[in-house]
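Q: A predicted structure for the sequence below; I have some questions about it.
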Amino acid sequence: MAIIQSVNGIVPSYGEECFFAQNATIIGQVTMGNRCSVWFNAVVRGDVSPIIMGNQVNIQDGAIIHATYQRNQTTIGNNVSIAHNAIVHGCTIEDDVLIGMGAIIMDNCVIKSGAIIGAGAVLTQNKIIESGEIWAGNPAKFIKKTGDLAITEIQRIANAYPMYGSWIGK
């Protein structure tokens, strides 16, 4: 069973049809919407500042979601996929965003709807990624605008994760 733990009396809350892997960790000031999933070895650590997620957010294996004490909470919109081993820290991610495997998103970044952050990208502090942009590299740089099908593909991935969670333990 996943570790769901309070911090200073604040218990994580989540909506309907969520999936939490057996060794996922969710602690403190965490609020999740419906159909979210937190996968194997992923950590959502709301011990020092709030973490707020919309609906159908998937935090894939080994990913870490955290914030900065007394400075930055982490806000994640709807239909967001945070891929394996990514780190999301003290930032804002709007709706319909894909964060690639191993990407690092640092404090005060804002990633607007329809953006894609490539695998292994390091988005340094205070970057603003506009809607429909693809960024990659270390440090991350603008690569190009996404095509017309980008949001459809981002939503397809987000839609798949509740289904994958329903397969576990059957």
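A: Here it is on my side, so go on. Residues are numbered from 1 along each chain as shown.
Q: which strand is the longest one in the chain?
A: Determined from DSSP state E, the single longest strand within the chain is strand 43-53.
Q: touching it from outside, list them.
A: 7, 10, 12, 24-33, 36, 38, 59, 63-76, 80, 90 (C-beta atoms under 8 Å, 6 or more residues apart in numbering). Quick note: C-beta positions are derived from backbone N, CA and C, even for glycine.
Q: strands - which of those residues land there?
A: Going by DSSP E, the strands hold 25-31, 38, 59, 64-66, 74-76 from those.
Q: which pair of these spans the longest distance?
A: Longest distance between any two of these is 19.8 Å, between T25 and T75; criterion C-beta to C-beta.
Q: circling back to that earlier point, buried ones among the contacts of strand 43-53?
A: Buried by 16 or more other C-beta atoms under 10 Å: 12, 24-30, 32-33, 36, 38, 59, 63-68, 72-76, 80, 90, out of the contacts of strand 43-53.
Q: now the residue nearest to the spatial centre of the chain: how far from I157?
A: Nearest to the geometric centre of the chain sits I82, at 4.3 Å (C-alpha atoms, centre = their mean). Note on I82: its distance to I157, by C-beta to C-beta, to the nearest Å, is 11 Å.
Q: where do the contact lists of those two overlap?
A: N58.
Q: ranges for the helices of the chain?
A: Secondary structure of the chain (DSSP state H): helices at 150-167.
Q: is it true that G77 touches D96?
A: Yes: under the criterion of C-beta atoms under 8 Å, G77 makes contact with D96 at 7.4 Å.
Q: now do the shared contacts for these two.
A: With C-beta under 8 Å, 6+ apart as the test, G77 and D96 both reach S113.
Q: give me the below-cutoff pLDDT ranges for this structure.
A: 170 (pLDDT under 70).
Q: what's near enough to touch E16?
A: E16 makes contacts with N34, R35, as judged by C-beta under 8 Å, 6+ apart.
Q: ok, it to T92 distance?
A: E16 is 25 Å from T92, by C-beta to C-beta.
Q: G77 and D96: which has the busier surroundings?
A: D96 (24 against 21; other C-beta atoms under 10 Å).
Q: thinking N23 is in contact with W39, fair?
A: No: shown here, N23 and W39 do not form a contact pair, counting by C-beta under 8 Å, at 9.4 Å.
Q: between those two, which has more neighbouring residues?
A: Ranked by neighbour count (other C-beta under 10 Å), N23 and W39 place W39 first, with 22 against 14.
Q: touching, the more buried one and I65? I think so.
A: No: counting by C-beta under 8 Å, W39 does not reach I65; the two are 11.9 Å apart.
Q: give me the common contacts of the two.
A: I59.
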